[in-house]
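In: Generate coordinates for the sequence data below:
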Amino acid sequence: MFRGKWPKPPTDARLDPYRRAAARLMNGDEQIGVLVIRVTTWWWKEGPFWRRRWGNPRELPEWALSRVGTAPQLPDFDDGVISADELDEELADWAAGNFRLRGQQLGLAWLGEKEVDAAHKEHGWTID
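Out: Residues are numbered from 1 along each chain as shown. Predicted structure coming up:
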């Protein structure tokens, strides 16, 4: 049982454009998938097993993609979390309109707010 107040996790301003985002995954001019992104806070266990505590909160982007059509280079569904070590490089790629997946460089066409809501709803991510 936690006896004190939970510390407020720090927010990473670099993640603001991606807190609730979605994009079309493009292979050239062809749409091959839909990418949805949200930012979640991750906590790590600290301390010995008899006195565990949650600490070191960090915001990290979580992504999921769904294939559109029969694009053979994509799985039907895939998801992941961008690690803290890869975050800077991934944010630079997203800002440039790129997404790396299994050695492939795919393009991103960012969606508008209504389309983002629909994509998140279709994926099962509720609006907070």
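In: so what's residue 31 up against?
Out: Going by Cβ atoms under 8 Å, 6 or more residues apart in numbering, residue 31 touches 24, 25, 68, 69, 109. Heads up, the C-betas are built off the backbone N, CA and C, glycines and all.
In: Give the helix, strand or coil label for it.
Out: strand (DSSP: H, G, I helix; E, B strand; the rest coil).
In: Would you tell me what the next helix or strand after the strand or helix carrying residue 99 is?
Out: Using DSSP states H and E, residue 99 sits in strand 98-101. Sequence-wise, the next helix or strand downstream of strand 98-101 (DSSP H and E) is strand 104-110.
In: packing partners for that following strand?
Out: Packing partners of strand 104-110 (3 or more Cβ pairs under 8 Å, 6 or more residues apart in numbering; DSSP states H and E): strand 20-27, strand 30-46, strand 98-101.
In: out of these, which comes closest to residue 114?
Out: strand 20-27 (10.5 Å; Cβ to Cβ).
In: Show me which residues of that closest one are buried.
Out: By 16 or more other Cβ atoms under 10 Å, the buried positions in strand 20-27 come out as 20, 21, 22, 23, 24, 25, 26.
In: Next: stretch 35-46.
Out: 35, 36, 37, 38, 39.
In: mind listing what the second one touches?
Out: In this case it means residue 36. Residue 36 neighbours (Cβ under 8 Å, 6+ apart): 21, 22, 63, 64, 65, 116, 119, 120, 123, 125.
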